[in-house]
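J.: Show me how the following folds:
(one chain, ligands or ions: 1)
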Amino acid sequence: MSELNIFLGPPGAGKGTQALKIASEFDLAHISTGDMLREHVSSATELGKIAKSLLDEGNLVPDELVIEMLLERLNNEDCKNGAILDGFPRTLPQAKSLESLDKEFPVAKVFVFEVNEDELIKRILLRGEMTGRSDDTEDSIKVRFEVYKKDTQPLVDFYNEKNLVNVIDAVGEVEDIYNSISRHFK
Ligand code: ADP
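T.: Numbers count the residues shown, from 1 in each chain. Model (predicted):
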């Protein structure tokens, strides 16, 4: 049995930064579906060709494609000790797909990152300048926030009903936020 820990929150909330640190400290796999999709785009795979324009516009990649990619990834040896899911699930069908894996990969904890919208926009635009990420533009950010509210935010209730949610105040020093998450792993 390998436990999954879900990092949930709007774009720019710092899920990736914290996921990297927690995964390395507690020897868990770090699975970022956004990173995986960007790799598909840069190596121009079939999936990458489909995903490219969706990513750039700020829209989601279809559930069935992301679910298939995730299931394949979970079979990897490095997930035996458990994993951090960073950016998955992002829709109700994706969350339901995890429910069907409950015996082998139960969801242990869900961390909901809370950051106000002004701070998010500032962070994403800065990241866009620094990394050149093609979806870190004002137009795409607008779409990503709308998509988050419509498709992803309902997952907070979904996991709240299962009593799995820990809310994280994700504004402040990276180290302080890390401490507020890592205490749940000790
Ligand atoms: P952010 O959290 O800043 O939006 P990510 O790297 O997590 O960045 O995701 C970037 C993009 O990758 C999303 O806007 C979406 O197009 C796509 N993506 C990532 N994860 C998923 C997913 N689980 N389902 C559908 N699309 C996804």
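J.: what's around residue 98, how many residues?
T.: Neighbour count of residue 98, defined by other C-beta atoms under 10 Å: 20. In short, each C-beta sits where N, CA and C put it, glycine included.
J.: Can you name the residues that contact it?
T.: 4, 89, 105, 107 (C-beta atoms under 8 Å, 6 or more residues apart in numbering).
J.: cool, and residue 83?
T.: 2, 4-5, 23, 28-31, 74.
J.: Over to residue 107?
T.: By C-beta under 8 Å, 6+ apart, the contact set of residue 107 is 3-6, 98, 159, 162, 164.
J.: so residue 90 is in which element?
T.: Per DSSP states H and E: residue 90 is located in neither a helix nor a strand.
J.: For the ligand, see how far away it is.
T.: To the ligand, residue 90 is 4 Å away according to C-beta to the nearest ligand atom, to the nearest Å.
J.: contacting residues for that residue?
T.: By C-beta under 8 Å, 6+ apart, the residues touching residue 90 are 33, 60, 66, 151-152, 155.
J.: how about the contacts of residue 98, which pair is most distant?
T.: Between any two of the contacts of residue 98, the greatest separation by C-beta to C-beta is 12.3 Å, found for 89 and 105.
J.: of those two, who's got more company?
T.: Between residue 89 and residue 105, counted using other C-beta under 10 Å, residue 89 has the larger neighbour count: 27 against 19.
J.: and for stretch 166-184, what are the contacting residues?
T.: Stretch 166-184 is contacted from outside by 9, 13-14, 17-18, 21-22, 25-26, 109-116, 119, using C-beta under 8 Å, 6+ apart.
J.: Is the ligand within reach of stretch 11-20?
T.: Yes. Judged by C-beta under 6 Å from any ligand atom, stretch 11-20 comes into contact with the ligand through 11-12.
J.: List the buried residues of that stretch.
T.: By neighbour count on 16 or more other C-beta atoms under 10 Å, the buried set for stretch 11-20 is 11-16, 18-19.
J.: next one: stretch 150-169
T.: For stretch 150-169, burial by neighbour count (16+ other C-beta under 10 Å) applies to 151-152, 155-156, 158-159, 164-165, 168.
J.: hang on, the earlier thing: keep only the contacts of residue 90 that also lie close to the ligand.
T.: Taking C-beta under 6 Å from any ligand atom as the test, the ligand is in contact with 33, 60, 66 out of the contacts of residue 90.
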